[in-house]
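Trainee: Whatever this is, show me its structure:
(chains A and B)
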Amino acid sequence: MERNTDDMSPQGEDNNDAELVRAFRGGDEAALGELIERHRDRLYAYLRRLAGDGSGRHCPQSVSRALRVADAGAEDMFQDTWIKVARNIGAYREENKFSAWLFSVARNTAMDALRRRRPGNVSLDAASAGDTMRHGVPVPLGRPLAETIGSAEPGPEAAYEASESRRAIDGALAELSPEQREVFLLRHYSGMSFREIADALGVPIGTALARASRAAAKLRDKLAGEI
Amino acid sequence: MSCENEGKTLLLHYGELPPAEAAAARVHAEACPDCRRLLAGLARAEALLAASDAPAPAGLAAAALERALAGGQGLLSWLFIDWRRAAAAAAGVMLMFAVFRGAAPQPRAVSLETIEAGLEDLEYSIYQARVDFSTREIQDFDYEYADMESGKDSV
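Mentor: The predicted structure is shown next:
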């Protein structure tokens, strides 16, 4: 099916999403692939933050290992989110932005996964064995050197800076209350307005704004002097 | 101590204010130390997020598509894949039905053993239905369809 989904303005992107959703509902499976591609990086980045959720904060020597566990968790959440989207696409109402609905699904998926994980289901000790479980199948946490050489990945210095930035921001995010973190990350990654976030969370918009402003104040205090 | 205009400053930062309100909010934010602190905190956090975000791993989108297409089969698959959840929901409905039905003429106590026995029966019947569903042949469906068609004609 011929589709014009090149309009990259915010309004155009919403219209393109709606068109892809209609196509997928009509049986066009490739349209779902396009939706996944369009939201891939932002959704993955959002889930990676949620999956991190303070990983390694109290165990600095295990930070890089904990971050790898978080990345594997984010990959699972990403896939589970799209399974739920495909399964419940009939429940999406076109008068709402698709991205707002998608991130609400992702948030709920992440909350479920984190609740299951809390009692200690994913431990750093398990990671130290070199493997973690994904869909019941063990997967290696690290990637073979051959896969990273010559790839588009950043060099050692850039990778070090990125990992230091991640350590700093993840540490600061971990100091926020779950409610503050939730509003801040949703606003940053999803492009949802505060009104849409308030609706998704079932709170008044003033509450969403108050959580975001407290989050910003705490982040500023925590990040003062970092890096 | 925080400024009571922080909400508007946040909306300004994220571009959610209409132009007329945005101009006034900008003037306020530049003069207010609390709002300047707020904006500085946001800018710092956003810079660190941007510096440490990583693109999704290669192949993740394709894997997600494959799993989504395999798993997105609607209510029937939800019931059969997660039959414990279905059993719990059905048991809840049955329990409510039993309670309300018993409460009308005279309250009737439902023992824990009765509920547990009912739950076990229900779980077993759902398990059985799941097994039946996975082992049935297409002819079974054809037969039932023909049966329904003939039933419709006789009505």
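Trainee: can you pull the contacts of the residue lying closest to B:Ala29 once chain neighbours are set aside?
Mentor: Closest residue to B:Ala29 apart from its sequence neighbours, by CB to CB, 6 or more residues apart in numbering or on different chains: B:Cys35 at 4.3 Å. For the C-beta atoms, the positions are set from N, CA and C on the backbone; glycine is no exception. Contact partners of B:Cys35, counting by CB atoms under 8 Å, 6 or more residues apart in numbering or on different chains, are B:Cys3, B:Asn5, B:Glu6, B:Thr9, B:His28, B:Ala29.
Trainee: Buried residues, the host helix or strand of B:Cys35. List them.
Mentor: If you go by DSSP states H and E, B:Cys35 is part of helix B:33-52. Neighbour counts over helix B:33-52 (16 or more other CB atoms under 10 Å in any protein chain shown) mark B:34-35, B:37-42, B:44-46, B:48-49, B:51-52 as buried.
Trainee: Go through the residues you listed and name the one nearest chain A.
Mentor: Of all those, B:Gly41 has the smallest distance to chain A: 2.7 Å, by CB to the nearest CB.
Trainee: In contact with the closest residue in space to that closest one that isn't next to it in sequence, which residues?
Mentor: Leaving aside its sequence neighbours, B:Gly41 sits nearest to A:Arg220 (CB to CB, 6+ apart; 2.7 Å). Counting by CB under 8 Å, 6+ apart, A:Arg220 touches B:Arg37, B:Leu38, B:Ala40, B:Gly41, B:Leu42, B:Arg44, B:Ala45.
Trainee: A:Arg220 belongs to a helix, doesn't it?
Mentor: Yes: the assignment for A:Arg220 by DSSP: H, G, I helix; E, B strand; the rest coil puts it in a helix.
Trainee: Can you tell me how far it is from A:Ala172?
Mentor: Using CB to CB, to the nearest Å, A:Arg220 is found at 9 Å from A:Ala172.
Trainee: Need the three-state assignment for B:Val110.
Mentor: coil.
Trainee: got it, and the one 3 residues further on?
Mentor: Assigned state for B:Glu113: helix (three-state reduction, three-state DSSP).
Trainee: neighbour-wise, which of the contacts of B:Cys35 leads?
Mentor: When neighbours are taken as other CB atoms under 10 Å in any protein chain shown, the top entry among those is B:Thr9 (25 neighbours).
Trainee: tell me which element it falls in.
Mentor: helix B:6-13.
Trainee: what packs against that helix?
Mentor: When contacts are defined as 3 or more CB pairs under 8 Å, 6 or more residues apart in numbering or on different chains; DSSP states H and E, helix B:6-13 packs onto helix A:205-223, helix B:19-31, helix B:33-52.
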